[in-house]
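S.K.: no sequence on this one, just coordinates:
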């Protein structure tokens with residue numbers, strides 16, 4: 001365990017440590033500051049790449065393919081008096097996003113070379129932001145997760161508010177307020193779940209019993225001291241509840257006990273604690289996704305943020321919303337997720353269609369790409385929400401598993417193509433200092449290498465077969481057919497809108513008439529630094545489009561297990577409960593008829 005603690009802590013806190021060292025570097029040595037920051041992001045990326053090399057056993061810190069269980073997990077005392085632990089680990093859901101984060105940060109730091117104002121402060125905030133993002137994907141204690149979630153807020157606020165465009169203060173404040181609102185929703189839900197959790201009840205009412213089934217109990221990764229307290233309570237030596245922030249334990253409670261879903265103790269309006277917790281968590285994560293109607297902070301933040309920060313916003317921060325829904329909302333609150341599946345799917349389809357139409361109407365190059373993110377992330381929400389497990393199909397989880405895998409793949413594909421699109425916008429903006437689509441034209445002849453790379457990256461965002469954007473969208477669309485044919489048709493038709501705004505943009509910017517905007521004499525070929533950022537992005541877009549199993553082999557076992565657990569809950573808990581409810585309703589109806 002000690003080696004796992006060291007490795008994951010190094011991945012998460014190395015950027016923060018380098019940020020601390022930068023504080024002692026003279027501020028006029030800007031090249032040194034940038035090189036140290038770039039080296040730090042490169043080291044983190046190389047460590048995660050080494051971890052991605054398939055391991056050979058339980059003691060190997062590299063990722064073990066073909067297993068759905070947690071890997072490199074550990075729980076160390078942090079604030080044990082309040083049941084808070086330094087609990088981290090990774091699996092097929094978190095690990096691909098961890099690598100995506102380290103790669104995005106490396107590319108974004110390379111794209112930061114044009115930053116000239118307060119370089120030292122910029123790099124320190126950038127590295128602190130990276131620590132927060134990496135920590136979110138590794139934290140398995142809800143309190144620790146929330147801390148990392150909040151750590152991202154202030155660095156991003158200042159990175160937009162200080163280094164952004166003309167309306168940077170407005171965009172930064174709007175981003176801060178929206179994200180803070182989502183954080184408040186999340187905090188309320190965390191407290192609701194924590195104060196209603198009880199490890200003793202979980203041990204007593206499920207197979208996760210530390211005395212009768214220690215192997216199952218070990219899967220939860222409860223600290224040894226807490227396990228002893230649970231055993232003492234089971235033996236009658238204590239009768240106090242043992243609360244926890246352990247996300248894995250909360251998931252087991254949501255699926256195997258009535259702690260969060262007791263019909264005899266509704267919280268408000270006849271709805272259970274779980275129902276309200278799901279709604280709060282979903283809204284909190286939806287703001288980050290973002291989904292309509294809580295998406296309006298995103299276009300302003302993207303337009304005003306400097307190019308590297310737009311890359312991180314699109315490449316990583318939006319994925320945290322999808323990750324939270326997949327990791328937390330559905331496993332912990334299955335009853336509410338089942339009942340509100342139609343709402344989640346509706347939000348996903350609405351975001352897809354609205355985002356595509358909004359992108360089609362934009363005249364600002366960067367704002368068009370921003371709205372395309374709203375549309376593409378709608379596929380993620382839809383793929384997660386497709387609860388297509390019914391008694392009529394014998395509780396077959398295959399289609400929902402396809403949707404979940406498609407949503408995960410879409411997050412990763414969008415995390416590659418969208419930062420690339422923002423970077424290509426930034427490359428031309430650095431030369432002509434405007435983004436008006438109507439004033440571009442003829443860039444193909446003046447910047448052929450840039451145009452070729454842009455074509456590939458934008459086509460990846462379009463979802464062209466053979467590129468990374470195609471796989472996730474197709475999987476999500478296929479998965480929803482058994483849930484709602486109407487939604488499936490709408491989601492498939494959205495591809496036409498996506499093609500429309502991408503192709504129209506390409507025609508106006510790259511293939512149109514001669515350039516009509518200002519600073520035309522500043523248009524010059526791509527530099528070596530710019531090429532070294534765009535080329536790997538396009539290479540990955542092609543690689544994962546041609547060979548998607550490179551991603552699926554990491555994430556499919558964990559995603560399938562998540563869906564399988566919820567399918568078992570549907571069959572063993574939800575279906576019998578609904579059957580009893582129908583019997584009671586029918587009996588009461590017969591009784592009223594006889595009267």
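M.R.: Structure's in. What do you need? None of these values were measured; they are calculated from a predicted model. Numbering: from 1, shown residues only.
S.K.: only C-alpha atoms for contact and neighbour calcs from this point on.
M.R.: Fine.
S.K.: after the top helix by length along the chain, heading C-terminal, what element do we hit next?
M.R.: Counting by DSSP state H, the longest helix found in the chain is helix 398-432. The helix or strand immediately downstream of helix 398-432 is helix 443-446, counting by DSSP states H and E.
S.K.: report the distance from the longest helix of the chain to the chain centre.
M.R.: 12 Å (Cα atoms, centre = their mean, to the nearest Å).
S.K.: stretch 344-361 too?
M.R.: From the chain centre to the centre of stretch 344-361 is a distance of 18 Å (Cα atoms, centre = their mean).
S.K.: how about residue 165, secondary structure?
M.R.: What DSSP: H, G, I helix; E, B strand; the rest coil gives for residue 165 is coil.
S.K.: neighbours of it, how many?
M.R.: 16 (other Cα atoms under 10 Å).
S.K.: what distance do you get for it to residue 307?
M.R.: For residue 165, the distance to residue 307 equals 10 Å [Cα to Cα, to the nearest Å].
S.K.: check contacts around residue 38.
M.R.: 106, 109-110 (Cα atoms under 8 Å, 6 or more residues apart in numbering).
S.K.: let's see 10 Å
M.R.: Contacts for residue 38 (Cα atoms under 10 Å, 6 or more residues apart in numbering) come out as 32, 105-110, 112-113, 123, 127.
S.K.: dump these to CSV, plus secondary structure, distance to residue 443 and neighbour count.
M.R.: Listed next are those as CSV, based on DSSP: H, G, I helix; E, B strand; the rest coil; distance: Cα to Cα, whole Å; neighbours: other Cα atoms under 10 Å:
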residue, secondary structure, distance to residue 443, neighbour count
32, helix, 34, 15
105, helix, 28, 29
106, helix, 27, 23
107, helix, 24, 26
108, helix, 24, 25
109, helix, 26, 26
110, helix, 24, 21
112, helix, 23, 20
113, helix, 23, 17
123, helix, 32, 26
127, helix, 35, 26
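S.K.: quickly name whichever of those is closest to residue 256.
M.R.: residue 105 (39.2 Å; Cα to Cα).
S.K.: pretty sure that closest one contacts residue 123?
M.R.: No: in this structure residue 105 lies outside contact range of residue 123 using Cα atoms under 10 Å: 11.5 Å.
S.K.: which neighbours do the two share?
M.R.: With Cα under 10 Å, 6+ apart as the test, residue 105 and residue 123 both reach 38, 129.
S.K.: just to revisit the earlier point, okay, the contacts of residue 38 in TSV with distance to residue 268 next?
M.R.: TSV is the format used below for those (distance: Cα to Cα, whole Å):
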residue	distance to residue 268
32	57
105	43
106	47
107	47
108	46
109	48
110	51
112	49
113	53
123	47
127	43
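S.K.: closest to residue 176 out of those residues?
M.R.: The nearest one, if we look at these relative to residue 176 and count by Cα to Cα, is residue 127, at 18.9 Å.
S.K.: now for the closest one: which residues touch it?
M.R.: 13-20, 37-38, 40-41, 105, 109, 133, 155.
S.K.: per-residue confidence for residue 571?
M.R.: Per-residue pLDDT puts residue 571 at 84.
S.K.: now it: how far from residue 331?
M.R.: Distance, residue 571 to residue 331, using Cα to Cα: 15 Å.
S.K.: more crowded one of the two?
M.R.: It is residue 331, of residue 571 and residue 331, that has more neighbours when counted by other Cα under 10 Å, with 23 against 18.
S.K.: count of neighbours near the residue lying closest to that one once chain neighbours are set aside?
M.R.: Of all residues not flanking residue 331 in the chain, residue 251 sits nearest, at 5.3 Å (Cα to Cα, 6 or more residues apart in numbering). Using other Cα under 10 Å, residue 251 has 20 neighbouring residues.
S.K.: would residue 251 count as being in a helix?
M.R.: Yes: judged by three-state DSSP, residue 251 forms part of a helix.
S.K.: so which residues of the stretch 201-350 of the chain form helices?
M.R.: Taking DSSP state H, counting those that start in this stretch as the criterion, the stretch 201-350 of the chain carries its helices at 214-218, 224-234, 247-256, 273-288, 297-304, 307-312, 318-324, 330-332, 334-339, 341-360.
S.K.: report the angle between the fourth one and helix 341-360.
M.R.: Relative orientation of helix 273-288 with respect to helix 341-360: 10 degrees, computed using axes from the mean of the first three to the mean of the last three Cα atoms, to 10 degrees.
S.K.: buried residues, the host helix or strand of residue 7. List them.
M.R.: For residue 7, the host element (DSSP H and E) is helix 2-22. For helix 2-22, burial by neighbour count (16 or more other Cα atoms under 10 Å) applies to 4-5, 7-8, 11-19, 22.
S.K.: also stretch 494-513?
M.R.: Residues of stretch 494-513 classed as buried: 494-495, 497-503, 505-512 (neighbour count, 16+ other Cα under 10 Å).
S.K.: residues in contact with residue 44?
M.R.: By Cα under 10 Å, 6+ apart, the neighbours of residue 44 are 10-15, 50, 99, 101-103, 105-106, 130, 134.
S.K.: and with 8 Å instead?
M.R.: 11, 14, 102.
S.K.: what's the closest of the residues you listed to residue 191?
M.R.: Using Cα to Cα, residue 11 comes nearest to residue 191 of these, at 28.8 Å.
S.K.: so where does the residue lying closest to that closest one once chain neighbours are set aside fall, helix or strand?
M.R.: Excluding the flanking residues, the one nearest residue 11 by Cα to Cα, 6+ apart is residue 44, at 5.8 Å. Per DSSP H and E, residue 44 falls inside helix 30-52.
S.K.: run the angle between that helix and helix 2-22 for me.
M.R.: 170 degrees.
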